[in-house]
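K.L.:
coords below, sequence missing:
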């Protein structure tokens, strides 16, 4: 069997989720790693490069770690504490860490398309011009949408304004994986959809959704992203290398 090198894994990922799809300023791509000619025997997939995940990466003998969320963000200026511990473990074991963030949300077949497919949306379009999110028609009622959410995304989603769409059997539904329930998002989506499924609803965004009569389903940041990551993990198996998941 021909060896699969680290650069082959990266090329395979980038063919699926091209880096140039990422929104400006997003930290996507190679996070930690030097030798891209090293053979890869086991790939680990996780939502977050948490210390717990990295410890499991070491314990499981993973040599290529893929995460959706990047290692560094929000202007980290020094490497101490938890960041230092993560880097020390990765570097000491020569583990490559690669992240595909908003490009994996945006790309065809990515996390948002996975959600649109889960809810069987029709006439699907981008929610935002930059490719984030999807919006389409759901032929059914809110109870059916909630059943799908509880089975595949989150057992106890927060639901706002369910009465607004009560007794309707055709709904315009927007989905956005991860953090999509900010006030700015709520205001925009209220103009283009009846129901909005995303994660990380804040107090003020909840009040705004109530004021704008938008039905919101908060399935959580984790649930709305991990659903699509499960399918992406299966895609990586096409490389012929062992693939394991580490935080889902």
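P.N.:
Yep, it's here. Nothing here was measured: the structure is a model prediction, and the numbers come from that model.

K.L.:
tell me the mean pLDDT over the top strand by length along the chain?
P.N.:
With residue count as the measure and DSSP state E as the assignment, the chain has strand 170-179 as its longest strand. On average, the pLDDT along strand 170-179 is 98.

K.L.:
and the helix or strand that contains residue 204, what other elements does it pack with?
P.N.:
Remark: residue 204 resides in helix 203-211, with elements defined by DSSP states H and E. Other elements packing on helix 203-211 under the criterion 3 or more Cβ pairs under 8 Å, 6 or more residues apart in numbering; DSSP states H and E are strand 158-160, helix 183-189. Quick note: C-beta positions are derived from backbone N, CA and C, even for glycine.

K.L.:
Name every strand pairing with the helix or strand following that helix and say which way it goes.
P.N.:
Remark: after helix 203-211, the chain's next helix or strand is strand 215-218, criterion DSSP H and E. In the sheet containing strand 215-218, its partner strands are strand 158-160 (antiparallel), strand 195-199 (parallel), by DSSP bridges.

K.L.:
between the ones you listed, which gets nearest to residue 87?
P.N.:
Set against residue 87 and scored by Cβ to Cβ, the strands paired with strand 215-218 come closest in strand 195-199, at 28.1 Å.

K.L.:
who's in contact with that closest one?
P.N.:
When contacts are defined by Cβ atoms under 8 Å, 6 or more residues apart in numbering, strand 195-199 is touched by residues 115, 119, 133, 138, 142, 145, 149, 153, 165, 171-181, 185-186, 189-190, 209, 214-225.

K.L.:
what separates it from the chain centre, distance-wise?
P.N.:
Remark: strand 195-199 is offset 14 Å from the chain centroid, using Cα atoms, centre = their mean, to the nearest Å.

K.L.:
That strand versus strand 170-179: what angle between them?
P.N.:
Between strand 195-199 and strand 170-179, the angle formed by their directions is 10 degrees, by axes from the mean of the first three to the mean of the last three Cα atoms, to 10 degrees.

K.L.:
Let's test this: mean pLDDT of strand 195-199, rounded?
P.N.:
Average pLDDT, strand 195-199: 98.

K.L.:
And residue 1, what's its pLDDT?
P.N.:
The model reports residue 1 with a pLDDT of 62.

K.L.:
Go through the helices and strands packed on helix 203-211 and pick out the most buried.
P.N.:
Each of the helices and strands packed on helix 203-211 was given a mean neighbour count from mean count of other Cβ atoms under 10 Å, and the largest, a mean of 19, is that of helix 183-189.

K.L.:
That one - contacts with which helices or strands?
P.N.:
Using 3+ Cβ pairs under 8 Å, 6+ apart as the contact criterion, the secondary-structure elements in contact with helix 183-189 are strand 195-199, helix 203-211.

K.L.:
what's the next secondary structure element after the longest helix anywhere in the chain?
P.N.:
Secondary structure assigned by DSSP state H gives helix 221-236 as the longest helix of the chain. Sequence-wise, the next helix or strand beyond helix 221-236 is strand 242-245, with elements assigned using DSSP H and E.

K.L.:
The longest helix of the chain packs against which elements?
P.N.:
Under the contact criterion of 3+ Cβ pairs under 8 Å, 6+ apart, helix 221-236 touches helix 6-16, strand 42-46, helix 111-118, strand 170-179, strand 195-199, strand 242-245.

K.L.:
Would you mind getting the angle between it and strand 195-199?
P.N.:
Going by the same axes, to 10 degrees, helix 221-236 makes 80 degrees with strand 195-199.

K.L.:
Give me the contact list for helix 221-236.
P.N.:
The set of residues that contact helix 221-236 without belonging to it, under Cβ under 8 Å, 6+ apart, is 9, 12-13, 16, 43, 45, 47, 66, 68, 104, 109-115, 118, 152-154, 175-180, 197-200, 243, 245, 248.
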